[in-house]
Each structure stands twice: as C-alpha cells, then as structure tokens.
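Colleague: Predicted coordinates and the sequence they were generated for:
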Number of protein chains: 2
Amino acid sequence: MRAKTSGRTIVVVGGALAGPTAAARAREFDEAARIVLVERAPHVSYAVGGLACQLSGEIQPPDDATRDPAALLQDSYRIELRTGAHVQSIDATQRLVHLVDGVLRYDTLIYALGVQSPAPEIVGLLPADNVFALRTPRDLAGLQALIAAGARRAVVLGGGYFGIEAADALCRRGLAVTLVERGAQLLPSFGRELAAMAAQALSDAGVTVRLDASVERAERAERGQRGARGGESLRALRLADGTRLDTDLLVLATGVRPRSGLLARAGAAVTREGAVVVDARCRTSLPHVFACGTCVAVPPALGDTPYWNPQAALADKTAQVAGTNAGGGRARLARPAGSALVRAAALMLGRAGLTRREAKRQAGSAWASLVVHAPAQEAFYPGASPLTVELLYDGQSGKLLGAELAGRHGVDKRLDVICTALAGGLTVEALAGLDLAYAAPYAAARDPLNVAASVASACRAELATPWSPELLERRRGKATLVDVRDTLSGGTIAGARHLPLTVLRERWAEVPAGTLVFIDDDGRAAYLAARLARHRGRATAVFLAGGLRSWCAIGYPLTKARA
Amino acid sequence: MRAKTSGRTIVVVGGALAGPTAAARAREFDEAARIVLVERAPHVSYAVGGLACQLSGEIQPPDDATRDPAALLQDSYRIELRTGAHVQSIDATQRLVHLVDGVLRYDTLIYALGVQSPAPEIVGLLPADNVFALRTPRDLAGLQALIAAGARRAVVLGGGYFGIEAADALCRRGLAVTLVERGAQLLPSFGRELAAMAAQALSDAGVTVRLDASVERAERAERGQRGARGGESLRALRLADGTRLDTDLLVLATGVRPRSGLLARAGAAVTREGAVVVDARCRTSLPHVFACGTCVAVPPALGDTPYWNPQAALADKTAQVAGTNAGGGRARLARPAGSALVRAAALMLGRAGLTRREAKRQAGSAWASLVVHAPAQEAFYPGASPLTVELLYDGQSGKLLGAELAGRHGVDKRLDVICTALAGGLTVEALAGLDLAYAAPYAAARDPLNVAASVASACRAELATPWSPELLERRRGKATLVDVRDTLSGGTIAGARHLPLTVLRERWAEVPAGTLVFIDDDGRAAYLAARLARHRGRATAVFLAGGLRSWCAIGYPLTKARA
C-alpha cells in the first residue's frame, strides 16, 4: 500500500533547535507532505544550551560523531534540508519564501528564527576581536581562544540570567571577572532579597559585582598594540562614575531580541519587543503561518499580554505544538510557568509564575508575599543547607501566584514543584499539605515548600502577620522591636529589646507597649513569639519574615542590642 | 495582661517524632492548656530517618549537643515531659491514661506510638545478639558494634524499602550482603520492570539477591562458640531450597506493624493491619482522641479504604494536623500521594499514586500504563543518564493515577512533580505540556516526564498503540516483529525481521503481513515506525514500549535476528 500524496509543502525557516523539532513533529502527522527545512548556517540542530558549562571547563564540547542530526532528519523523518540558504523575504499572500538563489512555495510555513544579541550602543566598542556574546558555538570558540592566549581578566555586561551565567562560567574558569549591571540589582525579575543573595554569592566566589553602573565608553588598544588574535581589541571600559575597568575580554549579555524582521515585514503581528505573537496553537496572525522557538510570544498564564521568554524548554514546547498543528494534528500550548533557573557560584536561584509587579496587577491589594528559610534536608545530613523560599500568593483566594527560590542544593526540584502547582491551580493551603517524597539523602520530611506554604496559610488565617524587612525598615519608628533569640551574637536591629522566647512567658511583664515586632535568626521563633503575644491579647504583634537572615541579605545594618 | 486559663489538659502519648510535633502544634493554638508528653524512652524527639546513612558510613551520628529537643519543648513550647513513663492502659470513657506509677486525666488525647518491628517466626532465630532491625538508634549501635568486631557477611531479610535500604547501606560499608525476599520480586508495590532494575542495580554493586526464597530455620553458633558480643549468635540461615547462608549478622526488614494495641483495647477502630483509623482531621473513632504518626491510617487519595503508609513525611503531616485540631485550630490532611523513594546502590527508585492493582480497581478497563526511557539531562552533559518513567493513567479521562521512576539522578525531583500533579488532578496531556524549569546542569529542555506524558497522550489520541514487554511475550506467536534499529548489535527478539527506520519507506514492500510490532532500543524509533505504518494503512501496527531496554530489564531473552 502506498502513502497518500497530499501534494502539500511545509517550509520550515530556521534550523537551530525549534525548526528541526517542528519539522520532525510535522512529519509524524503528515507522512506524505514535502517538508523543507531552510537554514542559513552550514549545520542544523546545534545546541545553544550548555555553552556556559563548556566555557567553565565543566563539560567538553559534544562529540558530533555520536549523532548526526542532519542524517536523522533526512533519513528518519524525510526532511529536505537547505542549509547555507539565505531567506530574503516572505510573501504571505502568494505563500512564497524568497531565497537568495530561488523561491520556495509553501502551503504551510513554520517560522523559527530565534533571537539575536544586538550589541549595546557604546562609543568605541566595535569592532573588537575580544568582545563576544555567549549565544553560539562561534562565541564560545572565540572566548576559548582568548583564554588559551592568556586572557586573565573579563568583564561581563548585563546582570540578567545570561550575564550571571557567563560571569559564573568565567569565574569557574579562573578569570578575574567584573559583572557590570546598569540597574540597582541583578536579576530584575527577582525580589530584592534573592537578587542580593545572588550578588553576594558571586562576590564570595571572587566576582566583582558593580550595580548602578553604566558604561560611558570603551577604550581600545593603542595603535600598534594588537589584540591577542591579531585584530583590534578592547582594552578597558570607562564607567559613568569615572572608574576604568581594564579587561582582556568582554562578554555582552545586555539582552536578546527576537529575530522576527522577516515575518514582521510580511505583515505578522509582533509585540513591542518584536516577538512574533502566536496563539495557543502557535498560529501567527498570518494565514497558514505558524511560528515557534525563542522568537515567539505565547498566551500568558494570566491576563492577555503575549508572553515572551526566550528559554529553551518553552521554545521546545512551541516547536512541538507548531509542528503538530502544521502537520494536521491538534495540539495546544499549556500556559507557561515563566520559570528561570540560574547558577551564581555556589548558589542556585530560580523563579516561576508571576513577578511581584504582575502579582500586584493580578491580585490587587490582596497580593501577598512571604519569605521563609527552611532546611532542604534533615539537619543530621551533612552539607544540609537552608533553602530560601519566597511565595507570592493571592491573600484573598489563597491561590499561589509565583515563587522565588535560592539555595545551594535542591532549588531545581522545588521550582518544578512550583511550576506543577501553578499548572494545577494550587492554593498555599494545598501546597502546605502537599505529600512530597521523602528519603534522607534527598529531602526533609517537612519540605521547605511545605514550611513556607504553611506559614502563608497561617498568615491567611490571621494567626500571624509577617513584616518584610522593607516594611519593618519603613515603619521602624512606630514599632517596638523584641529580639527573641537566646543570645544576640552578631548584634541585632538598632533599638531592639532582648527577651528570649524561652523566658518570654515568665518575663511577659517586661514586654513593652506598642506595635510588637518579634525578630530572630530566620523567622521561626519570632513567629511563635508573635502567636504567643496574640494569645496574650497583643493582637497587632507581628514577626519579621525571614528573620535577620533576610534583613541582612538585603543589606540593612545590625548594631549591638540594648540590654 | 495574663493568658486566659483554659484548665484543659492535652496528653500526648509517644515522644519519638510525631508526638513532639503534635504537642508543639497544639501549644501554638492553645497557650493556656496543660500539655503533657508521655514517652517510654529516656529521650524525646529521636530521629529514625538517616539510620541507614549512618550505617553506610556516609554520615556521622547527629551531634546532640547542637540541639536539645527536650529543652526546646519545655522552654519554647512549655510542654511537660514525662520520659521513662510506661502507659498501661487508656480509659476513653473516663479520659484517663494509666501509667505504671500514676494516672493522667485528659481533656484531649493525642496518640502517637509509631510502629514496631515484629521478628518473623523462624525456628531457632532468637535470642541472638547479632540479629537486629534497623529502626532505632539502638539497632544501629548494635550493628555498628558487630561490624567493628569484624562482621564481614550480612543477610538482610525482606526486599521492601527497609530491606533494600539496609542492604544498600551494608554494601556501601563493605560487607558481603545477601538480600532474601520471599516474593518473586523486590519492592512489591512496584511493577515488574522497575523491581527487576532494583535487583540488577544491587547485584551490580555486589549484593546477592535471592528472590522466591523462604527461610526454613536459623542455625546457631555451636555451644562454646559465642557470638562477637559474648551472647548467643546466629550463624547461618537455611533456606527452603536447602541453601545455607552463613552470616555474621542478620537485619530483619520483614515489615513493621502499627503500635496501636493500647488504643485498640480502649475501643478505637483499627484497620486489618492494626493501624488506627483517623479522619482528615486526625480524629480517631473515640471522642476527644486524636492519633498521628506512623501508627495511623488516613483517608486515601481514591476510594474509601483507610491508607496506612508508615513514612516520615506523611507521619509529620498527621502530627501537624492532629496537634492543630487538638489545640483548637482547624486543619485537614491533604490526600496522601503514596510516595516512596529508595536507593538501591547506583539506582534511585520512586513511586507515587496508585499501584497497578489500585489503578485497575479505580479505572477499570480504562487503566493504562506506559514505560518510557528518556534523558534526564541534555545529551551533551557528562554523566547524563536516562530516567525510566512508568505512568499509570486513566485511558478514558486522561487523568494521571500514579507513576514509577528509576534512574541514577533526578528521580526525587520528578517524583515530587508527580506528587504535585496528582494533588492538582492533572491529566497526561497537562503533564505533557508542563513548563518545567530548565538549566543545563539540572534538567533537559524536554523533561522525561514531558516525554512520557506526551507518548501517553499520543496513545490516548489513538495515534499509536504501545505493547508492554509482557503483552508482547504473551502475543508473540500472533505478531510480526520488525526491529527498526540501524544494526542488531546485541541481538534482537527471536523471530524479528530487521528493517531500519531509515530505510523503512524505501523498503516498505518488504514489510511482512500480520500484526506489526516495531521494536528498537528504547521505544522512540519504534513509535515513529508504528506511526509511519499507520499512515500507510497498517492500522494495527504497535510499538514495544520501552524497547529492548525494558524487554531485557524484565529478563526476557534476545537471540540473533533473522536477516
């Protein structure tokens, strides 16, 4: 029996990752179509993940001999490959893809051109043979060559995910790294505490972190002094405050932009950032045109604004959906979790769900957040270290809105639980009771997420009221601080009275009047003290959420306590 | 201001783990009550987790100096401790706890006596000074002393979680270990494939695994030959098949039983296993009596049969709920995920949700299961190893019912995602689209759970039909096997014809008649071949789920293929 001939042609533009995935998926649903994959580069299916791990020296470049993606696409999926092919324009009316050397007619188009890394506008920056992004194997090769030739100092521009990843990798590789961020904190989508923890972890590892730092101009090697690779070189960056940062190489991580020009010019709707707007079936605004990969903005988890997050896992999902639908199957995107996971030296950080700003927009005044530090493993397990969990939730409905996490181990696991909880629409009460898997080497019997959600539930039930360090800082003049630790080693917050929880009942008469704020190391004992105070009629007693650990992480000062 | 005096007395019976937790939680809700904690042993709050990790030598015993649980309970929670106190009986009508040396009157009772490890009935087994369970610090100390005195050979009786944990620990410690299990497989709640993987992993590490092995009698040291510790010793076990297992020590892991006698005699309802039946608020059938910890059976995730799973994380949740409600607060148990996580040498195994048998009872003929092997990290990451995922789901509704997992890394993470997905009532379609967090060192862009759920979704959509190895074995005579790998290295299933996927389209004419079963290494290419065959009119074509990896894991044979 012969396959039915559909006569259909599916053209896929872009051969990095999403394109090949979409093409393969389309073939699963349409055995008869002609499927053509067009890629500018000489290769298809090149991984962009893992470049930082190669730069750090942790992993070796993948062995291409073990797997030939081109052969797989051609032989197993019968995809026609057109590598080295430059697309000049797309005609969505005539359904044509104009190449430099020809024209492809399509019945269905899948657009997957990914992102590009535009260089920031800095006087004197380019051309230079020691300035790279860290987005392609070519970038990596360039950086490796500079290091092999003796580069010892590096500057990374941009304190977002990519910048931190690059700074972390270069630091592991042994270079003296300066990370320069224009804003007041690293990781702009994170809250102040966890962003500060990331900066601290990088500093602890030897990275110089410069915040609120803008680059005024680049200084180049003097005439006659050629760069390590023989071309013109960057020598130093001059910051707006006058600081001169001498460097042997510069990594640009100031952001990426969707490579959407071709489709935008063909009439497709794009977002303000330039991402191609797709629906849950990965259809663009143009008929017969799907798009996928890091260049698309998908329907968001909440609200209407198309969501652009140039991230591999989401890109892969759009590719599967676009390919399936282009091939005649039926698939829909799930709502994106908005997750991100980044390593900053010894610290892992992750987030998922709504940001603070989005949570405020979504839940109005009912939005709430809470920081808890809790052990990720039983205390008896060696190397057990606390996990910092910040939950964002709707104080009215209890619904989980998002979370931020930081710790030395196990951040990725809890982040995936959060992603799943968001997909399931769980409340903080459900998260508090969630029966997660326990075994001593891998978990604590009471997971940090259980602990955080349980405190959030108690706050929702009005059993206790948390104050964030920022709130305490703002209201400090009107509050009566009581430090309930056994000893005040390391100092406490200025003005705090010392009354250990263990003697609080006996010495209750000494508790001062006013709005009581209990403080301790991590929030646990202070929470208990606040509950005790409420039982004794002090209905406005609150506790410092996250304790002095959070207070200090943000950078607020300690002094010796009054007796 | 003075606290109001409730006059109430809350008595907590059992001071290991759940009891202290419940007592502390009760205090949070009732500042005025008298709370008395009664414990037989001289200490309270001793951890039973981590004993195996201490036996293996991986961790040191916890440093008790760093934390005094008794002081914490007394000072921070104002709990009255009665250690070394033996409860003789409970009178639920008069609300009395009769101790050897007195009586406690209660308004509310919390019962938390945990489990015991009854010795199996084996002729000649006891008394012996080299036979232990691995459930208490005393067991651990006994085993450590035997090893210090030169014990080199160990037998572990029982192939469930505790038995595997003990065998794994003793093997890591360097002993020659034999694991004896009465049943046909280890881990009775697991499916055949993953149970076999556990046995294989232990064998690979040097453990002798004996299945279908029952102990006929114990042989003791001859008169005059005293054991290492001076008492009477076990020398060997004689199995029913005549084998004699010489050993220096024996670990009993044949099961635990709820320590529920006191409450049962007071009239409380218990299950067939003897677990105290509690409702979602941890109330027993007796008025004013709550129960918690490993001795209780809780409302199950599905159906009505009370669910007993003596596991630390669940025990902790019941303790929080019992304590809160006993203290006058309001708390409810979430449905238990039924999770378990165990390490078998280099392999981690986990499960959550319904077992096969429960799934069949729940979903009737619509129940389905599917095994997938997929990489837990990108292929370029060193040490990347596949995760084996078996999903149990309702083929009708698509609802996830449970899962089993095995792999070298990352099992705990995916298991927690499964627990959360079960709590959220997710379908396999939702699991397929789940946006999990990605970063090269921690995850693959397409998570193994996404892959498994995506294949399950395709099967539900009738795009493909999986056959398990067991099903193929049963129907082999009626099926036409086609091996679609590039080469048949290592052999194939007897009778399979070789037609690589890469040439399947060209050589379609050679595909034989009959019910086609495509086979390959792991199921991926065979799935594609089956879909291709359906496009070409072979509507009954199926693929071997999990491929030859699953086929061989179960122990089915390979032969060289016909040409």
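Modeller: Done, it's in.

Colleague: Quick one: neighbours of A:Glu510, just the number.
Modeller: 11 (other CB atoms under 10 Å in any protein chain shown). For the C-beta atoms, the positions are set from N, CA and C on the backbone; glycine is no exception.

Colleague: ditto for A:Ala240
Modeller: Considering only other CB under 10 Å, A:Ala240 is surrounded by 12 other residues.

Colleague: mind listing what it touches?
Modeller: Counting by CB atoms under 8 Å, 6 or more residues apart in numbering or on different chains, A:Ala240 touches A:213-216.

Colleague: how's chain A carved up into domains?
Modeller: A:9-115+A:257-326, A:131-252, A:346-460, A:466-554 (automatic domain parsing).

Colleague: Mind putting those into TSV with mean pLDDT?
Modeller: TSV is the format used below for the domains of chain A (pLDDT from 0 to 100):
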stretch	mean pLDDT
domain A:9-115+A:257-326	93
domain A:131-252	92
domain A:346-460	93
domain A:466-554	95
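
Colleague: winner for burial among these?
Modeller: Most buried of the domains of chain A, by mean neighbour count (mean count of other CB atoms under 10 Å in any protein chain shown): domain A:346-460, with a mean of 23.

Colleague: got the end-to-end distance for that domain?
Modeller: 34 Å (CA to CA, to the nearest Å).

Colleague: and it, is it in reach of chain B?
Modeller: Yes. Shown here: domain A:346-460 in contact with chain B (CB under 8 Å from any CB of the partner chain) through A:348, A:350, A:352, A:378-382, A:412-417, A:419-421, A:423-426, A:430, A:433-443, A:445-447, A:450, A:454.

Colleague: Helix or strand for the residue nearest to A:Ala513 when sequence neighbours are not counted, just tell me which one.
Modeller: Excluding its sequence neighbours, the residue lying closest to A:Ala513 (CB to CB, 6 or more residues apart in numbering or on different chains) is A:Thr480, at 7.0 Å. Under the criterion of DSSP states H and E, A:Thr480 resides in strand A:479-483.

Colleague: now do A:Leu431
Modeller: helix A:428-433.

Colleague: I'd like to check what contacts that helix. Which residues are they?
Modeller: A:391, A:393, A:398-400, A:421, A:449-450, A:452-454, A:456-457, A:460, B:317, B:332-334, B:423.

Colleague: Heading C-terminal from it, find the next helix or strand.
Modeller: Next along the chain after helix A:428-433, taking DSSP H and E as the criterion, comes helix A:448-460.

Colleague: Which strands or helices does that following helix pack on?
Modeller: Taking 3 or more CB pairs under 8 Å, 6 or more residues apart in numbering or on different chains; DSSP states H and E as contact, the helices and strands that helix A:448-460 lies on are strand A:367-375, strand A:386-394, helix A:411-423, helix A:428-433.

Colleague: Name the nearest residue to the closest residue to chain B within the stretch 301-450 of chain A, sequence neighbours excluded.
Modeller: Per CB to the nearest CB, the residue of the stretch 301-450 of chain A with the smallest distance to chain B is A:Gly424, at 1.9 Å. Excluding its sequence neighbours, the residue lying closest to A:Gly424 (CB to CB, 6+ apart) is B:Gly424, at 1.9 Å.

Colleague: Equivalent analysis for A:Val455, please.
Modeller: Nearest non-adjacent residue to A:Val455 (CB to CB, 6+ apart): A:Val372, at 5.6 Å.

Colleague: check contacts around the one you found.
Modeller: A:388-391, A:448, A:451-452, A:455, A:522-523, A:545-546.

Colleague: With distance to B:Gly255 added, can I get the domains of chain A in a markdown table?
Modeller: Listed next are the domains of chain A as a markdown table, based on distance: least, CB to CB, whole Å:
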| stretch | distance to B:Gly255 |
| --- | --- |
| domain A:9-115+A:257-326 | 42 |
| domain A:131-252 | 45 |
| domain A:346-460 | 19 |
| domain A:466-554 | 36 |
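
Colleague: Minimum distance to B:Ser468: which of those domains has it?
Modeller: B:Ser468 sits nearest to domain A:9-115+A:257-326 of all those, at 22.0 Å, using CB to CB.

Colleague: Show me what A:Asp343 is bridged to.
Modeller: Actually, residue A:343 is Arg. It isn't Asp. A:Met348 (DSSP bridges).

Colleague: is it true that it touches A:Ala169?
Modeller: No. Using CB atoms under 8 Å, A:Arg343 is not in contact with A:Ala169, being 9.1 Å away.

Colleague: Can you list the residue ranges for strands in the stretch 451-563 of chain A?
Modeller: A:466-467, A:479-483, A:497-498, A:515-519, A:542-544 (DSSP state E, counting those that start in this stretch).

Colleague: which non-adjacent residue is nearest the most centrally placed residue in chain A?
Modeller: For chain A, A:Ala340 is the residue whose C-alpha lies nearest the centre (CA atoms, centre = their mean; 2.9 Å). Leaving aside its chain neighbours, A:Ala340 sits nearest to A:Arg351 (5.4 Å; criterion: CB to CB, 6+ apart).

Colleague: and the one you found, what are its phi and psi?
Modeller: Per-residue torsions, A:Arg351: phi -150, psi 160 (degrees, to the nearest 10).

Colleague: residue contacts, it?
Modeller: By CB under 8 Å, 6+ apart, the contact set of A:Arg351 is A:189-190, A:194, A:338-340, A:402-405, A:415.

Colleague: Looking at those residues, which two lie furthest apart in space?
Modeller: Across the contacts of A:Arg351, the longest distance by CB to CB is 15.3 Å; it joins A:Leu194 and A:Gly338.

Colleague: Show me which helix runs longest in chain A.
Modeller: Ranked by residue count and defined by DSSP state H, the top helix of chain A is helix A:312-326.

Colleague: So which of the contacts of A:Ala240 is the closest to A:Gln88?
Modeller: Of all the contacts of A:Ala240, A:Gln88 sits closest to A:Val215, with 35.2 Å by CB to CB.

Colleague: how close does that closest one get to chain B?
Modeller: Using CB to the nearest CB, to the nearest Å, A:Val215 is found at 28 Å from chain B.

Colleague: Tell me what that residue is bridged to.
Modeller: With DSSP bridges as the rule, A:Val215 is bridged to A:Leu239.
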